[in-house]
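Peer 1: Got a predicted structure plus its sequence, pasted below:
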Amino acid sequence: MSRLFISLYLDEDVSALIATLVRARAYNVLTTQEAGRVASSDASQLEFATSQQMAILTHNRDDFLELARQYTSAGKHHCGIIIAIRRSPYDITRRLLSLLDRMTAEEMDDQTLFI
């Protein structure tokens, strides 16, 4: 089945305001808090996002770059990792919406992108 729009799972270190702002543009977003997964490991968060067919948005560059490498080495797939440099939620949202408006979910699969 084709997946057109990217759905997002926000890591717990990402402002929940971003979820509100992105939802206002009709994108599907789930926060770690809403999913009841606060304090889960990064590996567990990525596994959950993948099981829900969601790309994960995080500020945790080092751990998620390593997880992306591990997935590639093991031949495992994920729905995308978006690493946001710490900025205001409004700036991150602007950058994120630019990405969401130009990429499909299938194009995001197995990608690790910086915004």
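Peer 2: Received the coordinates, thanks.
Peer 1: For the chain, give me the ranges with low pLDDT.
Peer 2: 1-2 (pLDDT under 70).
Peer 1: how many neighbours does residue 56 have?
Peer 2: Neighbour count for residue 56, taken as other C-beta atoms under 10 Å: 26. For the C-beta atoms, the positions are set from N, CA and C on the backbone; glycine is no exception.
Peer 1: And the next helix or strand past the one helix or strand it maps to?
Peer 2: Element membership of residue 56, judged by DSSP states H and E, is strand 55-58. Counting by DSSP H and E, the element after strand 55-58 in chain order, helix or strand, is helix 61-74.
Peer 1: what packs against the strand holding residue 56?
Peer 2: Packing partners of strand 55-58 (3 or more C-beta pairs under 8 Å, 6 or more residues apart in numbering; DSSP states H and E): strand 8-10, helix 42-51, strand 81-83.
Peer 1: Just the buried residues of the helix or strand that the first one is followed by, please?
Peer 2: On the C-terminal side of strand 8-10, the closest following helix or strand by DSSP H and E is helix 16-23. For helix 16-23, a neighbour-count test (16 or more other C-beta atoms under 10 Å) marks 18-19, 21-22 as buried.
Peer 1: Can you tell me the strand partners of the strand holding residue 56 and which way each runs?
Peer 2: Strand 55-58 pairs in its sheet with strand 8-10 (parallel), strand 81-83 (parallel), by DSSP bridges.
Peer 1: Kindly reformat the helices and strands packed on strand 55-58 as CSV containing mean neighbour count and distance to residue 73.
Peer 2: Listed next are the helices and strands packed on strand 55-58 as CSV, based on neighbours: other C-beta atoms under 10 Å; distance: least, C-beta to C-beta, whole Å:
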stretch, mean neighbour count, distance to residue 73
strand 8-10, 27, 23
helix 42-51, 18, 14
strand 81-83, 23, 15
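Peer 1: Reformat those as TSV; add distance to residue 35.
Peer 2: Listed next are the helices and strands packed on strand 55-58 as TSV, based on distance: least, C-beta to C-beta, whole Å:
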stretch	distance to residue 35
strand 8-10	7
helix 42-51	7
strand 81-83	17
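Peer 1: mind checking which of these is nearest residue 90?
Peer 2: Taking C-beta to C-beta, strand 8-10 is the member of those nearest to residue 90, at 15.1 Å.
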